[in-house]
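Undergrad: below are the sequence and a predicted model; questions follow.
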Amino acid sequence: MSTAEANPSPDSPIAEAWAKRKVVVCVGAGGVGKTTIAASLALGAAVQQRSALVCTIDPARRLANSLGLKELGNAETRIAPSQLASAGLPPESPLFAMMLDMKRTWDEFIERHAPPNRRERILSNRFYRSLSSVLAGSQEYIAMEELWQLRTHRDYRLIVLDTPPAGHAKDFLDAPNRVLDFLDNDAAKWLLTPALTAGKFGLHLFGSGSGYIAKTLAKLTGAETLEQLADFMLAMSSMNESFRQRARQVRALLASEETAFVLVTTPQLERLQEAVEFHTELQQNHMHVAAVIVNQVTAAPSPRDFSDASVLQSPLREKVQRTLQENSALADEDAKAMAQLEANCRPTPLVSVPRMDQEVHDLKGLWKVTRALVAG
């Protein structure tokens, strides 16, 4: 088989996703190779002349390097024909990639939805800077916002989203609710009611220390901090409906027939229960799961491997035989884990990707992963 031949199995769930879906969302815990899987999925679609975009939030340079790029930014970048050709792939393959800049994407969201007279107040507020960088759920929320923007304003045949690491589906699916809960915090609004209702005049109440609660909070946090928090919530209050509307639109996109999830995991026993729970949560939320992809699976040595080792000279023979026996034991453990995972995730198909001889760091490596994904 030449490098550019995919030959997907007729019953490959990945090939079916390429044919029927317009959005594929890669989910799973950290350290399971999610970014590599996402890029490989997009590469396979592009080689079949389906324009594909892989969108990641991983700040590491692994994806950029594997695609032959020095860096990725917040705008779509097409993989150069020369890079594809050097890997033995069709140079005209329409493959694009981008890495979300969380802060910039949040800024663009504010610029689109905030009233003109409040944009600068929000963008310069330090509580907004926390919202756009460290608030729980903010990464997931803005990743889904960007996915919605790309799906509705671009014409890619396939968008593959590489999501932030998560141990549970609710960490991703409930991200909009966590952001809205922060903005709609009843306790904070009660404490800040004077400022929220009186505008800038109310903010000065913190400086005068009127009221026991205001005085106590001012001592603990400083009047300036309370002023900035009140100013932030006042400025953001007019955008709450925009947040809710986009959350509903994103939720509809994720649950639609044009979207599929792939759950990425590894065969280690400690990952099994985590993957099963994630899969159950996705199904309970009525999300279509195209496949559970088990990455880095140890392949069992063949009888030929043992036969070849037996004719080697000692002490090399013993070392090779010991390595083969260790690999055989690891392969047995992985096979047991796969069987257990398959039983718990039926009828969702399992797709295994073998452990590669070396780290995936270029397009040729990504293509090996792609071929494994569609092998059946």
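TA: Nice, thanks for sending it over.
Undergrad: all contacts plus neighbour counts: C-alpha atoms, from now on.
TA: Will do.
Undergrad: need phi/psi at residue 290.
TA: The phi/psi pair for residue 290 (degrees, to the nearest 10) reads phi -70, psi -40.
Undergrad: how deep is it tucked in, by neighbour count?
TA: By other CA atoms under 10 Å, 21 other residues sit near residue 290.
Undergrad: mind listing what it touches?
TA: With contact set as CA atoms under 8 Å, 6 or more residues apart in numbering, residue 290 has these partners: 13-14, 17, 260-262, 348-349.
Undergrad: is it possible to mark the buried ones in those residues?
TA: Neighbour counting with 16 or more other CA atoms under 10 Å marks 13-14, 17, 260-262, 348-349 as buried within the contacts of residue 290.
Undergrad: hang on, the earlier thing: what about the contacts of residue 290, which are in helices?
TA: 13-14, 17 (DSSP state H).
Undergrad: hmm, back to that, can you add pLDDT and distance to residue 45 and give the contacts of residue 290 back as JSON lines?
TA: Output for the contacts of residue 290, formatted as JSON lines (pLDDT from 0 to 100; distance: CA to CA, whole Å):
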{"residue": "13", "pLDDT": "93", "distance to residue 45": "13"}
{"residue": "14", "pLDDT": "94", "distance to residue 45": "10"}
{"residue": "17", "pLDDT": "92", "distance to residue 45": "10"}
{"residue": "260", "pLDDT": "96", "distance to residue 45": "14"}
{"residue": "261", "pLDDT": "96", "distance to residue 45": "16"}
{"residue": "262", "pLDDT": "96", "distance to residue 45": "15"}
{"residue": "348", "pLDDT": "96", "distance to residue 45": "21"}
{"residue": "349", "pLDDT": "95", "distance to residue 45": "19"}
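Undergrad: closest one of the residues you listed to residue 327?
TA: Among these, residue 349 lies closest to residue 327 (CA to CA), at 25.4 Å.
Undergrad: buried set for the helix or strand hosting residue 250?
TA: For residue 250, the element it lies in under DSSP states H and E is helix 240-255. For helix 240-255, a neighbour-count test (16+ other CA under 10 Å) marks 243, 246-247, 250-251, 253-255 as buried.
Undergrad: contact partners of it?
TA: Contacts to helix 240-255, defined as CA under 8 Å, 6+ apart, come from residues 113, 144-145, 148, 173, 176, 180, 183, 259-260, 286-288.
Undergrad: contact partners for the residue nearest the centre of the chain?
TA: In the chain, the residue lying closest to the centroid (CA atoms, centre = their mean) is residue 163, at 0.9 Å. Contact analysis of residue 163 by CA under 8 Å, 6+ apart lists 25-27, 56-57, 140, 143.
Undergrad: which of the residues you listed fall in strands?
TA: When DSSP state E is applied, the contacts of residue 163 are split such that 25-27, 56 fall in strands.
Undergrad: dump those to TSV, plus distance to residue 169, neighbour count and pLDDT.
TA: Listed next are the ones in strands among the contacts of residue 163 as TSV, based on distance: CA to CA, whole Å; neighbours: other CA atoms under 10 Å; pLDDT from 0 to 100:
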residue	distance to residue 169	neighbour count	pLDDT
25	12	22	95
26	11	24	94
27	8	29	92
56	18	25	86
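Undergrad: which of those residues sit farthest apart?
TA: Spatial extent of these (CA to CA) is set by the pair 27 and 56 at 11.5 Å.
Undergrad: tell me the mean pLDDT for the host helix or strand of residue 232?
TA: Under the criterion DSSP H and E, the helix or strand holding residue 232 is helix 223-236. Helix 223-236 shows a mean pLDDT of 66.
Undergrad: tell me the SS of residue 97?
TA: Recorded secondary structure, residue 97: strand (DSSP: H, G, I helix; E, B strand; the rest coil).
Undergrad: which intervals of the stretch 251-376 of the chain have sub-threshold pLDDT?
TA: Applying pLDDT under 70 to the stretch 251-376 of the chain flags the ranges 376.
Undergrad: which residues in it form strands?
TA: Remark: strands assigned in the stretch 251-376 of the chain by DSSP state E, counting those that start in this stretch are 259-265, 289-297, 350-354.
Undergrad: of the ones you listed, flag the one that's most buried.
TA: strand 259-265 (a mean of 24; mean count of other CA atoms under 10 Å).
Undergrad: so what touches it?
TA: 17, 21-29, 32-34, 37, 253-254, 271, 275, 278-279, 287-295.
Undergrad: likewise stretch 38-45?
TA: By CA under 8 Å, 6+ apart, the residues outside stretch 38-45 that reach it are 6, 14, 18, 26, 51-54, 63, 95, 158-162, 366-367, 369-370.
Undergrad: at 6 Å instead, please
TA: 52, 54, 162, 366, 370 (CA atoms under 6 Å, 6 or more residues apart in numbering).
Undergrad: what about it, distance to the chain center?
TA: Relative to the centre of its chain, stretch 38-45 is centred 14 Å away, using CA atoms, centre = their mean, to the nearest Å.
Undergrad: state the mean pLDDT of it.
TA: For stretch 38-45, the mean per-residue pLDDT is 95.
Undergrad: over to stretch 76-83?
TA: The average pLDDT for stretch 76-83 rounds to 92.
Undergrad: which parts of it are buried?
TA: 76-80, 83.
Undergrad: again, but for stretch 332-344
TA: 333-335, 337-338, 340-342, 344.
Undergrad: mind putting the residues you listed in CSV, distance to residue 236 included?
TA: Compiled in CSV, the buried residues of stretch 332-344 are given as follows (distance: CA to CA, whole Å):
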residue, distance to residue 236
333, 52
334, 50
335, 52
337, 48
338, 48
340, 48
341, 44
342, 46
344, 44
